[in-house]
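A.B. asks: Give me the fold of what follows.
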Amino acid sequence: MDGSPPRPHRRPEREGSHGYDIESMDGGAGAPWRQQNGAASSEALLRYDGGGGGSVCEPLLRKRTMNTTSQIAIVGANVCPIESLDYEVVENDLFKQDWRQRKKKQIFQYIVLKWTLVLLIGLLTGFVGFFNNLAVENIAGFKLLLTGDLMLKERNLYFKAFLVYGGCNLVLAAAAAAICAYIAPAAAGSGIPEVKAYLNGVDAYSILAPSTLLVKIFGSILGVSAGFVLGKEGPMVHTGACIANLLGQGGSRKYHLTCNWLRYFKNDRDRRDLITCGSAAGVAAAFRAPVGGVLFALEEAASWWRSALLWRTFFTTAVVAVVLRGLIEFCRSGKCGLFGQGGLIMFDLSSTVATYSTPDLIAIIILGIVGGIFGGLFNFLLDKILRAYSIINERGAPSKILLTVTISIITSMCSYGLPWLASCTPCPIDAVEQCPTVGRSGNFKNFQCPPGHYNDLASLFFNTNDDAIRNLFSNGTETEFQMSTLFIFFTAIYCLGLVTYGIAVPSGLFIPVILAGATYGRIVGTLLGSISDLDPGLFALLGAASFLGGTMRMTVSVCVILLELTNDLPMLPLVMLVLLISKTIADSFNKGVYDQIVVMKGLPYMEAHAEPYMRHLVAGDVVSGPLITFSGVEKVGNIVRALRITGHNGFPVVDEPPLTESPELVGIVTRSHLLVFLQGKNFMKGQVKTSGSFVFRRFGAFDFAKPGSGKGLKIQDLDFTDEEMDMYVDLHPITNTSPYTVVETMSLAKAAILFRELGLRHLLVVPKTPDRPPIVGILTRHDFMPEHIHSLFPNLNRQKFHSTSMGG
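C.D. replies: Predicted structure coming up:
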C-alpha cells in the first residue's frame, strides 16, 4: 500500500451504533467488482420463479449494498449494543509459537483446572439454588402465616388481613422491580433466551455481568415471594450461566485476582463450554433433576455440542444433586425455619399405580391436543403482551416499577379475592392430612370457612406455587377440588401468567405453565373419568407435560425433568406421547416461546437449518460493502483511521507488490489484536517484512487474550504522534492465516450451516475466477439474517418457502 486512506470510502454509520460491532459491519463485499463483472451474479437471481413453477420471472434485483440490520437488542428489560462471539481458533504465528512451547505439564494444568472450574460451578449453583428455596419458603411462609393468623383470630379482620397480604406483596414486588430497573435491567425475565443467544454466538456486556447475577438471585427471591405467578426455575438457568461466566473470565487484572493458570480461559471457546455447564447446573438446581439439566442444555440451550462437553455437564449436575441432597437432609432437622419439607423429589407420585389401557390412550390424545392448542394460544398472546410491555419499559425505570406494582395489586386481589367465590367443603373423613390445614401449606386451607370445612380454591391460591403444584399432583384426591374451582384457577393462572411475564423482575415460565397445565389436566381427567381409570394426580402430571410441550416445544428434556420431579417412571410412555402430540399441534401455529422471545428481542440467532429461500442465493449475493483491507505491512495511520471511522471487527490482510508479485490473501486480523499490537508500538520506518522472532520477544499469545466482562482496549485509549502515524507495522505475526473461506458461488444455505456449526464470526468470500482481487467480502452473522436478505431482494418472497423450512 502507498499510505493512502483505507479503501474504499467509509459507509454511513447506523443509528444506535455506539461504536460497537454489528456483525455485518465487520467487513463485507464491496459492490465495485459486481458492477465490473456482471457474469458473477447468481444465475438463480436472473431466472427466479417465486411460485416454483419454473417460468421466467422478473430478476431479483439487488436493492443496495450496505447491511443496515439492527446492532442493538433487548437484554432482559434493557436495550443494549450486541456483538458476535468468535469461537474460531485464531491460528496466527503467536498462537503456533505458544503451542510449540507448551509442555505436558501446562496441558495437564489446563485439563485439571477446567474440571476444577466445572466442580466449582456445580457447588456454587447448588448453594444458590438451595438459598433461593430457603429464602422463598421462609419469606412467603411468614407472609402466609401472618395473613392466616389474622383471618383466624376474628372474622371482622378479613380486610385487615388483605391489607397485610397485599402490602407484603407490594413491598416485595417494588423492591424486586427497583433493584432490577436501576441496578441490572438485564436480569429481568427468565434469561433463557439471552443464554440461548449467547451460546449461539451473540454477546452483550450485561448478559452475564456480576451485577446481573446478584440481581437475578435476590430479584428472583423477592419476585416469587411476592406471590407473582412466576417461577425461579428459568432465572436459575441464567444464574448458573452467570456463575460459570464469572469463574471462566480468567480472573481480573483490575483487582489483581488473576494468575498464569487462569489465562487459559481467556477465550470464547472455553467460556462457552463453562456457560453450557452452568445452564445445565441451573436446571438441575431448580428442578433437582440432574439428567434433565444435561438434556435441557443439549436440546434447548446449546448450539454446539461434543462428547467431552456431555461428560462435563453431567459431572456438574451430579455435583448439584449431591449438594442439594446434603443441604436438604440438614434442613429436615428443623434448622432452616419454614423450609425443610420434601427432598430431592419435589412432587412424589411413585405411590400411584399407573396402569393404563386403550381407553386411557384416547384421553391422553385429547389432553395432548388441548395442550397444543392452549400452548399455541399462550405463545401468541404472550408475544403481543411483551411487545406492549416493551413500549412501557422504554420510558424508564419508574415506568417499569409502576407496571410491576400494578401487576402485583392485580395478583393480590385475585389470590385473596377469588377464593371467596368458592363454597366451603366438609373435610373428608378419610383425609390423610390434617383438615383444615394448620400452617402455611397443605391441601385443606380453612380460609373463611367454619371449623371442619376447607376452601379448595384457597388451597391453590393461598399457597406458594410449589405447594399448589404439589396439591394438584397429589393422588387419591378425586373429590378434593370442585370442577368450578379448577375452571376459575385455570383461567386466573393462565391470564396472570401471561401478564406477569415481561415485568421488570426475574421471572420464569416453567411454574406458570406447569400450574395451568396441571389444572386443565385435572379438568380433562374429571370430564373423561367415565372412559379412563387414571388417577387425577396423574392427569395433572400429563396436563403439565402437554402444556410444556405446547409452549416450550421441548420433548426429551421436559420428559426427563417431569419424571425426575415426580419419581414416576411408569408414566414414561404416556408423558412421551402427550409431549409429542402437543408439540406437533402447537408447531402448526407458531414457534416455541423462547424462540419467539429471541426474535422479539432482536437477538440475531442463527437456526440449525437454513431457510429454503437461501438455496436460491449464493454467498456473493449478500455480502455487504464497502470492504476495508490492510496490506501485510501497513501504515500505522491507515490502521488507526480505519479503526476510528468503522466498527469493523475483522479486516482481511492482503499482501501486495512489492511484498508479492501479485495480490495475495494472507488471512484476517481482528480489531482486538490490532489494538494490542498498536499499543506495543512495534513500528518500523520502512515497509519491510520482519522476522517472527522479533515479535515473539515482545509479545506472547496471552497478551492478546480476550479480557473479562467485555472491557477491552479501545482505539480512543491510544495516542500516536504524527511521526508514528507515518510509520509501518508488520501484521503477519497476528494475522489468522487459516481463516474459513467459501467461494462466492457457494449456496447461501450451505454457507449459513457452515457458519453456525463452526461458531464463526467472520467467513471470507473469495472469487471463483482469477485476475480479480483475492477477497470478495466477508460474511458475518447479520448477513444471514432474513431482514437483511429481504431488504436486499424485496421481491424474494420468503413466505412461499416458510412452511418447508422445518427440515432445513
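A.B. asks: Please identify the helix or strand for Arg325.
C.D. replies: Applying DSSP states H and E as the criterion places Arg325 in helix 307-330.
A.B. asks: Name the residues of that helix that are buried.
C.D. replies: Neighbour-count burial for helix 307-330, counted by 16 or more other CB atoms under 10 Å, picks out 309, 312-321, 323-324, 327-328. All C-beta atoms are positioned from the backbone trio N, CA, C, and that covers glycine.
A.B. asks: now do stretch 679-699
C.D. replies: By 16+ other CB under 10 Å, the buried positions in stretch 679-699 come out as Asn682, Phe683, Gln687, Val695, Phe696, Phe699.
A.B. asks: just the strands in the chain please.
C.D. replies: 72-75, 78-81, 83-84, 202-203, 425-426, 453-454, 630-631, 633-635, 650-655, 664-670, 728-730, 741-743, 763-766, 777-779 (DSSP state E).
A.B. asks: Of the ones you listed, which stretch is the most buried?
C.D. replies: Burial of the strands of the chain is given as mean neighbour count (mean count of other CB atoms under 10 Å); strand 777-779 ranks first at a mean of 31.
A.B. asks: Please identify which of the buried residues of stretch 679-699 is nearest to Gly189.
C.D. replies: The nearest member of the buried residues of stretch 679-699 to Gly189, counting by CB to CB, is Phe699 at 41.8 Å.
A.B. asks: returning to that earlier point: show me the one of the strands of the chain that comes nearest Arg387.
C.D. replies: strand 72-75 (10.6 Å).
A.B. asks: and the closest one, which strands flank it?
C.D. replies: With DSSP bridges as the test, strand 72-75 is paired with strand 78-81 (antiparallel).
A.B. asks: per-residue confidence averaged over the partner strand?
C.D. replies: Strand 78-81 comes out with an average pLDDT of 80.
A.B. asks: One more: stretch 579-588?
C.D. replies: For stretch 579-588, mean pLDDT rounds to 95.
A.B. asks: just stretch 142-151 next, same as before
C.D. replies: For stretch 142-151, mean pLDDT rounds to 85.
A.B. asks: buried sites along it?
C.D. replies: Lys143, Leu144, Thr147, Gly148, Leu150, Met151.
A.B. asks: which residues are contacting that stretch?
C.D. replies: The contact list for stretch 142-151, computed with CB atoms under 8 Å, 6 or more residues apart in numbering, reads 157-158, 160-162, 164-165, 168-169, 225, 227, 338, 439-440, 446-448, 462-464.
A.B. asks: how about a cut-off of 10 Å?
C.D. replies: Residues outside stretch 142-151 that contact it (CB atoms under 10 Å, 6 or more residues apart in numbering): 157-169, 171-172, 225-227, 337-338, 416, 437-441, 445-448, 458, 462-464, 467.
A.B. asks: to the chain's geometric centre, what's the distance from that stretch?
C.D. replies: Put simply, stretch 142-151 sits 38 Å off its chain's centre (CA atoms, centre = their mean, to the nearest Å).
A.B. asks: one step back: per-residue confidence averaged over the helix holding Arg325?
C.D. replies: 92.
A.B. asks: For Gly529, grab the count of nearby residues.
C.D. replies: 14 (other CB atoms under 10 Å).
A.B. asks: what's the distance between it and Gly521?
C.D. replies: Relative to Gly521, Gly529 is positioned 13 Å away (CB to CB, to the nearest Å).
A.B. asks: Quick check: neighbours shared by those two?
C.D. replies: Counting by CB under 10 Å, 6+ apart, the residues touching both Gly529 and Gly521 are Pro536, Phe539.
A.B. asks: Could you tell me how far Leu569 is located from Leu563?
C.D. replies: As defined by CB to CB, Leu569 lies at a distance of 6 Å from Leu563.
A.B. asks: list residues touching both of the two?
C.D. replies: Val575.
A.B. asks: starting at the chain centroid, how far to the helix holding Arg325?
C.D. replies: From the chain centre to the centre of helix 307-330 is a distance of 21 Å (CA atoms, centre = their mean).
A.B. asks: Show me what it is packed up against.
C.D. replies: With contacts taken as 3 or more CB pairs under 10 Å, 6 or more residues apart in numbering; DSSP states H and E, helix 307-330 sits against helix 104-153, helix 233-247, helix 268-287, helix 290-296.
A.B. asks: Looking at the ones you listed, which is nearest to Ala188?
C.D. replies: So among the helices and strands packed on helix 307-330, helix 233-247 is nearest, using CB to CB, at 9.7 Å.
A.B. asks: Can you get me the start-to-end distance on stretch 614-626?
C.D. replies: Using CA to CA, to the nearest Å, the end-to-end distance of stretch 614-626 comes to 23 Å.
A.B. asks: buried stuff in it?
C.D. replies: So, applying 16+ other CB under 10 Å, buried residues of stretch 614-626: Met614, His616, Leu617, Val618, Ala619, Gly620, Asp621, Val622, Val623, Ser624, Gly625, Pro626.
A.B. asks: quick revisit: and the two most separated of the buried residues of stretch 142-151?
C.D. replies: Lys143 and Met151 (12.9 Å).
A.B. asks: quick check: angle from the helix holding Arg325 to helix 233-247?
C.D. replies: Calculated by axes from the mean of the first three to the mean of the last three CA atoms, to 10 degrees, helix 307-330 forms an angle of 110 degrees with helix 233-247.
A.B. asks: export helix 307-330 as PDB, just CAs?
C.D. replies: What follows is helix 307-330, C-alpha atoms only, in PDB (Å, rounded to 0.1, in the frame of the first residue of the first chain):
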ATOM      1  CA  SER A 307     -18.900 -35.700  23.800                       C
ATOM      2  CA  ALA A 308     -16.400 -34.100  26.200                       C
ATOM      3  CA  LEU A 309     -18.900 -31.400  27.000                       C
ATOM      4  CA  LEU A 310     -21.500 -34.000  27.700                       C
ATOM      5  CA  TRP A 311     -19.200 -35.500  30.400                       C
ATOM      6  CA  ARG A 312     -18.600 -32.100  32.000                       C
ATOM      7  CA  THR A 313     -22.300 -31.100  32.100                       C
ATOM      8  CA  PHE A 314     -23.200 -34.500  33.600                       C
ATOM      9  CA  PHE A 315     -20.500 -34.100  36.200                       C
ATOM     10  CA  THR A 316     -21.700 -30.500  37.000                       C
ATOM     11  CA  THR A 317     -25.300 -31.600  37.500                       C
ATOM     12  CA  ALA A 318     -24.200 -34.600  39.600                       C
ATOM     13  CA  VAL A 319     -22.400 -32.200  41.900                       C
ATOM     14  CA  VAL A 320     -25.500 -30.000  42.200                       C
ATOM     15  CA  ALA A 321     -27.600 -33.000  43.100                       C
ATOM     16  CA  VAL A 322     -25.100 -34.100  45.800                       C
ATOM     17  CA  VAL A 323     -25.000 -30.500  47.300                       C
ATOM     18  CA  LEU A 324     -28.800 -30.200  47.300                       C
ATOM     19  CA  ARG A 325     -29.200 -33.700  48.900                       C
ATOM     20  CA  GLY A 326     -26.800 -32.800  51.700                       C
ATOM     21  CA  LEU A 327     -28.400 -29.400  52.400                       C
ATOM     22  CA  ILE A 328     -31.900 -30.700  52.300                       C
ATOM     23  CA  GLU A 329     -31.100 -33.500  54.700                       C
ATOM     24  CA  PHE A 330     -29.600 -30.900  57.100                       C
END
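A.B. asks: report the angle between the axes of it and helix 268-287?
C.D. replies: Using the same axes, to 10 degrees, the inter-axis angle of helix 307-330 relative to helix 268-287 is 30 degrees.
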